[in-house]
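Chemist: Sequence first, then the predicted structure, then my questions.
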Amino acid sequence: MTIFNHSEFDQHQQIVFCNDPETGLKAIIAIHNTQRGPALGGCRMWNYANDEEALTDVLRLSKGMTYKSALANLALGGGKSVIIGDPRKHKTKELLAAMGRFLERTGNQYIAAEDSGTSVPDLRIIEQNTDNVAGVTEHLGIDGQPSNGDPSPATAYGTFIGLKAAVKHRLNITDLKGLKVAIQGVGNVGYRLAEYLHKEGAKLFVSDINPEQVEKAVNELGAKAVPLDQILLQEVDVVAPCALGASLNDETIPLIKAKVIAGAANNQLARPQHDHDLHDRGILYAPDYAINAGGIIDISYERSGYDVEKAKAHIESIGDTLNEIFNRSTKENRPTGEIADELAVERLS
Ligand code: NAD
């Protein structure tokens, strides 16, 4: 296993391999860049097939966090941690406590938040041994509802703002009444996005592997239920991927009829080439890590004493960032994903 020559190694500042035989903890903390501030990113627990897979994941994800925070104008760097193991079988209080001790040793260079395989209660255990944890403080959320630290409402609000910016740029539409939007995945973020759109009179099409979520959207928001393999191909104005990564790929892109793609899912493009394919087809793609930054913005405010109005205003600046990306893309006739990366690097320096 190589480190400095690894394909995902990108001048990472620090990579920590954590081993605690007593609790069985095996974890990797990757601090990609702290130029803008301490590295903030999720602590993932996953049953990786091998160490190599875990290393690849943590290197790639930590770099992504640097770009996301820089693009969102946050005083934060990029980092991520992975615990190797099945969260349903291997997650114990002792193991999480050991993770807290390792986080403490990074000397405030890395702050962990929840991610796949970890939850707010898990982070509260980790927090017993370190202050380097975020996303666990109870406060009034941006939607005016009490929040336990879950960033989903903020992510949904930011996605809604970004979707409106994309629709204005590509379709010159400001009134969402009658706008047709297909949402793939109506979970924590997708359902809340659907609620915002419904309030503005948009017509919703939804799919989810969980039939209860679909039924709720149909009953409460008047959405039309669509089969899983048809949702991205609907005759709609906007497609909003809010489920899995890689939904924009060789199979789906040639069949998409919408002129705008604006959703919250991470890693929507299966390969970098798909950024170009969407651009060539005249489909405006709101880069995932730009439009879904509401959650990380929310968490950053939680760390500095939560101010609802300030957090909300910052989340709304996602619209300005996207406008900058879209305008540059149109002017230079280049894909939006490429422009987002460029802008993130500019803001980093
Ligand atoms: P979630 O698990 O609450 O919701 C995802 C929904 O997608 C679930 O209802 C699930 O049943 C459904 N789903 C899974 N596979 C599907 C498929 N093939 N077709 C249709 N539906 C499917 O997750 P979430 O927190 O709402 O996050 C959604 C996406 O947004 C994820 O990609 C996540 O990484 C990304 N994201 C979330 C946040 C956040 O604050 N929660 C922040 C940034 C990015």
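Modeler: Great, that's in hand.

Chemist: so, in contact with the ligand or not, stretch 66-82?
Modeler: No - judged by C-beta under 6 Å from any ligand atom, stretch 66-82 stays clear of the ligand, getting no closer than 8.7 Å. For the C-beta atoms, the positions are set from N, CA and C on the backbone; glycine is no exception.

Chemist: which residues touch Thr321?
Modeler: Neighbour list for Thr321: Leu71, Ala72, Asn73, Ala290, Leu343 [criterion: C-beta atoms under 8 Å, 6 or more residues apart in numbering].

Chemist: Repeat the analysis, applying 6 Å as the threshold.
Modeler: Ala290 (C-beta atoms under 6 Å, 6 or more residues apart in numbering).

Chemist: Any figure for the gap between the residue of the stretch 151-300 of the chain found nearest the ligand and Leu76?
Modeler: Of all residues in the stretch 151-300 of the chain, Gly187 sits closest to the ligand, at 1.9 Å by C-beta to the nearest ligand atom. The gap separating Gly187 from Leu76 is 25 Å, by C-beta to C-beta, to the nearest Å.

Chemist: Have a look at these two and say which one is more surrounded.
Modeler: More crowded of Gly187 and Leu76, by other C-beta atoms under 10 Å: Leu76, with 27 against 15.

Chemist: Tell me if I'm right that that one and Gly37 touch.
Modeler: Yes - here Leu76 reaches Gly37: they are 4.5 Å apart, a contact under C-beta atoms under 6 Å.

Chemist: How about the secondary structure of the closest residue to Leu221 other than its chain neighbours?
Modeler: Distance criterion C-beta to C-beta, 6 or more residues apart in numbering; nearest residue to Leu221, sequence neighbours excluded, is His198 at 4.3 Å. Judged by DSSP: H, G, I helix; E, B strand; the rest coil, the three-state class of His198 is helix.

Chemist: so who does Ile126 touch?
Modeler: By C-beta under 6 Å, 6+ apart, the contact set of Ile126 is Leu96, Met99, Gly100, Val133.

Chemist: Tell me the one among the residues you listed nearest to the ligand.
Modeler: Among the contacts of Ile126, and counting by C-beta to the nearest ligand atom, the member closest to the ligand is Val133, at 16.3 Å.

Chemist: Dig out what that closest one forms beta bridges with.
Modeler: Assessed by DSSP bridges, Val133 has beta-bridge partners Ala112.

Chemist: Check the gap between Tyr306 and Leu74 for me.
Modeler: Tyr306 is 15 Å from Leu74, by C-beta to C-beta.

Chemist: Kindly report the same for Asn292.
Modeler: 14 Å.

Chemist: Which one of those two is surrounded by more residues?
Modeler: With neighbours defined as other C-beta under 10 Å, Asn292 and Leu74 compare such that Asn292 has more, 28 against 20.

Chemist: Now do the contacts for the closest residue to the more buried one other than its chain neighbours.
Modeler: Closest residue in space to Asn292, ignoring its immediate chain neighbours: Ala264 at 4.4 Å, by C-beta to C-beta, 6+ apart. Listed by C-beta under 6 Å, 6+ apart, the contact set of Ala264 reads Thr155, Thr159, Val189, Cys242, Asn292.

Chemist: Would you mind listing what in the stretch 201-349 of the chain touches the ligand?
Modeler: Within the stretch 201-349 of the chain, the positions near the ligand by C-beta under 6 Å from any ligand atom are 207-210, 213, 228, 242-244, 264-266, 292, 295.

Chemist: any idea of the mean pLDDT in the host helix or strand of Val167?
Modeler: Here Val167 sits within helix 152-171, counting by DSSP states H and E. The average pLDDT within helix 152-171 is 97.

Chemist: Now look at the helix or strand just after it and say if it contacts the ligand.
Modeler: Downstream of helix 152-171, the next assigned helix or strand under DSSP H and E is strand 180-184. Yes - using C-beta under 6 Å from any ligand atom, we find that strand 180-184 touches the ligand at Gln184.

Chemist: packing partners for strand 180-184?
Modeler: With contacts defined as 3 or more C-beta pairs under 6 Å, 6 or more residues apart in numbering; DSSP states H and E, the packing partners of strand 180-184 are helix 188-199, strand 203-207, strand 238-241.

Chemist: Serialize these to CSV and add fields for distance to Gly319 and mean pLDDT.
Modeler: CSV is the format used below for these (distance: least, C-beta to C-beta, whole Å; pLDDT from 0 to 100):
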stretch, distance to Gly319, mean pLDDT
helix 188-199, 13, 97
strand 203-207, 21, 98
strand 238-241, 15, 98
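
Chemist: Count the residues that sit near Gln145.
Modeler: Using other C-beta under 10 Å, Gln145 has 8 neighbouring residues.

Chemist: Kindly report the same for Thr174.
Modeler: Counted with other C-beta under 10 Å, residues neighbouring Thr174 total 8.

Chemist: what's the single longest helix in this protein?
Modeler: helix 308-332 (DSSP state H).

Chemist: tell me the angle of it relative to helix 152-171?
Modeler: Angle between the axes of helix 308-332 and helix 152-171 is 30 degrees (criterion: axes from the mean of the first three to the mean of the last three C-alpha atoms, to 10 degrees).
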